[in-house]
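**Student:** Give me coordinates for this.
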Amino acid sequence: MKVNITAVHFKTDKKLENFIEKKIGKLTGMIEGVMGSEVTLKIEPSESKENKVAEIRLLIRGYDLYAKKQSKTFEQATDTAISALKKQLEKYKGRLRK
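**Tutor:** So this is what the prediction gives:
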């Protein structure tokens, strides 16, 4: 499965990319039919320290799941976005079972 990571106006380090790929890998193991994922990382212009944004789109056949979260670090933003996607996946799987 392909994880496409895009950083807006900065370069990511390998450690952050590996962290994101590992988290998304666990998420995609929950369901079949995942074609890929797109992750966009950006820094919002803000006075607040919570200006790191992670947007994750999970591409599933016939359906996309999306979460956008903001936090102090990209790791925290990614974690909260993954948690939101897990909830969405559970709802999606519930609809498939009916």
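**Student:** Please count neighbours and contacts with C-alpha atoms only from this point.
**Tutor:** OK.
**Student:** next one: the longest helix along the chain to chain centre, how far?
**Tutor:** In the chain, ranked by residue count with DSSP state H as the criterion, the top helix is helix 74-97. Relative to the centre of its chain, helix 74-97 is centred 9 Å away, using C-alpha atoms, centre = their mean, to the nearest Å.
**Student:** which secondary structure elements does that helix contact?
**Tutor:** On a contact count with 3 or more C-alpha pairs under 8 Å, 6 or more residues apart in numbering; DSSP states H and E, helix 74-97 meets helix 14-28, strand 52-60, strand 63-71.
**Student:** Check whether V39 really touches K2, as I assumed.
**Tutor:** No: using C-alpha atoms under 8 Å, V39 makes no contact with K2, being 10.8 Å away.
**Student:** Those two - which one has more neighbours?
**Tutor:** V39 (22 against 12; other C-alpha atoms under 10 Å).
**Student:** Looks to me like the more buried one is in a strand.
**Tutor:** Yes: under DSSP: H, G, I helix; E, B strand; the rest coil, V39 sits within a strand.
**Student:** Begin at 47, not 1, for the rest of this chat.
**Tutor:** Got it, the first residue is 47 from now on, which makes the last one we talked about V85.
**Student:** What's the separation between it and K95?
**Tutor:** The gap separating V85 from K95 is 21 Å, by C-alpha to C-alpha, to the nearest Å.
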